[in-house]
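Participant: missing the sequence, but the structure's below:
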């Protein structure tokens, strides 16, 4: 079984805001250091940014208003811990301890991803979807359930009835929907709101891509400060992840749907 949420789900809105802030950091510096936490809902968006770069209230609000709408933005920007910053001073080294797992995508993963994207193209509102063998569950806001039933006659659709959804119904937080992002490749490390030096970003992407290429499960561990991971210079892994994210269109685009 697998779950997918769309880019209008509150948790994905938080991921997208975090991703857009990382994109902004990369416009300032080719190798910035940044970690972003976002909690939003019910008229307010709380943001904590730890970074080597500076951010103004106005610039952050512009991003939040574009993605979420006009809510109150509670912003705290602090510099990155000096010991962590020193770890990357002379060269790109692994930015954290971690264990990572890449798993080849199954047909069920790809099928649900297509269903979710097709529905979102027609109804770009908060929605989540589950495929459990032959059982498809569609919870899609701001749509007439009977209309969806005609399009997906064998699905369970909005079992509690039509609903509105969005950030005035539910809160959203960064990295709370990793199963939706990574299928069975989920690990303890959050994928969103961090720069490429962070293992949670680069090694997660590297392990996922290696699993798709090899058709086998990939398991990797690393320690903060490692210069080599999985037999490769860590800087090479960072560049693999950079290329993947750039091909998508940036960290905000990564947050919308990917890794699949």
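Facilitator: Sure, I can see it. Since this is a predicted model, take the numbers as computed values, not measurements.
Participant: state the distance from residue 170 to residue 179.
Facilitator: Distance of residue 170 to residue 179, computed by CB to CB, to the nearest Å: 17 Å. (Each C-beta comes from the backbone N, C-alpha and C, glycine too.)
Participant: tell me who's in contact with the closest residue to residue 182 other than its chain neighbours.
Facilitator: In this structure, residue 182 finds its nearest non-sequential neighbour in residue 259, 5.4 Å apart by CB to CB, 6 or more residues apart in numbering. Each residue near residue 259 by CB atoms under 8 Å, 6 or more residues apart in numbering is listed here: 181-183, 185, 191, 204-205, 208.
Participant: recalculate using a threshold of 10 Å.
Facilitator: Taking CB atoms under 10 Å, 6 or more residues apart in numbering as the contact definition, residue 259 lies against 102, 105, 109, 113, 178, 180-183, 185, 191, 204-205, 208-209, 212, 244, 248.
Participant: check residue 214 too.
Facilitator: 102, 104.
Participant: same thing with residue 167?
Facilitator: Here residue 167 is in contact with 8-10, 13-14, 40-45, 68-69, 71, 126 (CB under 10 Å, 6+ apart).
Participant: elements contacting the one helix or strand residue 237 maps to?
Facilitator: Applying DSSP states H and E as the criterion places residue 237 in helix 234-248. Here helix 234-248 touches helix 10-28, helix 199-214, strand 218-222, strand 228-229, helix 251-256, going by 3 or more CB pairs under 10 Å, 6 or more residues apart in numbering; DSSP states H and E.
Participant: quick one, which of the ones you listed gets closest to residue 84.
Facilitator: The closest of the helices and strands packed on helix 234-248 to residue 84 is helix 199-214. By CB to CB, the value is 12.3 Å.
Participant: can you give me the buried ones in that closest one?
Facilitator: Using 16 or more other CB atoms under 10 Å as the test for burial, helix 199-214 gives 199-212.
Participant: go on, stretch 177-194?
Facilitator: Buried-residue list, stretch 177-194, by 16+ other CB under 10 Å: 177-178, 180-183, 185, 187, 189-194.
Participant: any idea how far it is from the middle of the chain?
Facilitator: 7 Å (CA atoms, centre = their mean, to the nearest Å).
Participant: how long is that stretch from one end to the other?
Facilitator: 16 Å (CA to CA, to the nearest Å).
Participant: kindly report the same for stretch 1-8.
Facilitator: 22 Å.
Participant: for the remainder of this discussion, apply numbering that starts at 811.
Facilitator: With the count now opening at 811, the last piece we talked about shows up as stretch 811-818.
Participant: give me the buried positions along it.
Facilitator: Neighbour-count burial for stretch 811-818 [16+ other CB under 10 Å]: 812-818.
Participant: that stretch: how far from the chain's middle?
Facilitator: 12 Å.
Participant: average pLDDT for it?
Facilitator: What stretch 811-818 shows for mean pLDDT is 97.
Participant: for stretch 1045-1057, same thing?
Facilitator: 97.
Participant: for residue 838, give me its contacts.
Facilitator: Applying CB under 10 Å, 6+ apart, the residues near residue 838 are 844, 861-865.
Participant: ok, and the most crowded of those residues?
Facilitator: Most neighbours among those, by other CB atoms under 10 Å: residue 844, with 26 neighbours.
Participant: who's that one bridged to?
Facilitator: Under DSSP bridges, the beta-bridge partners of residue 844 are residue 861.
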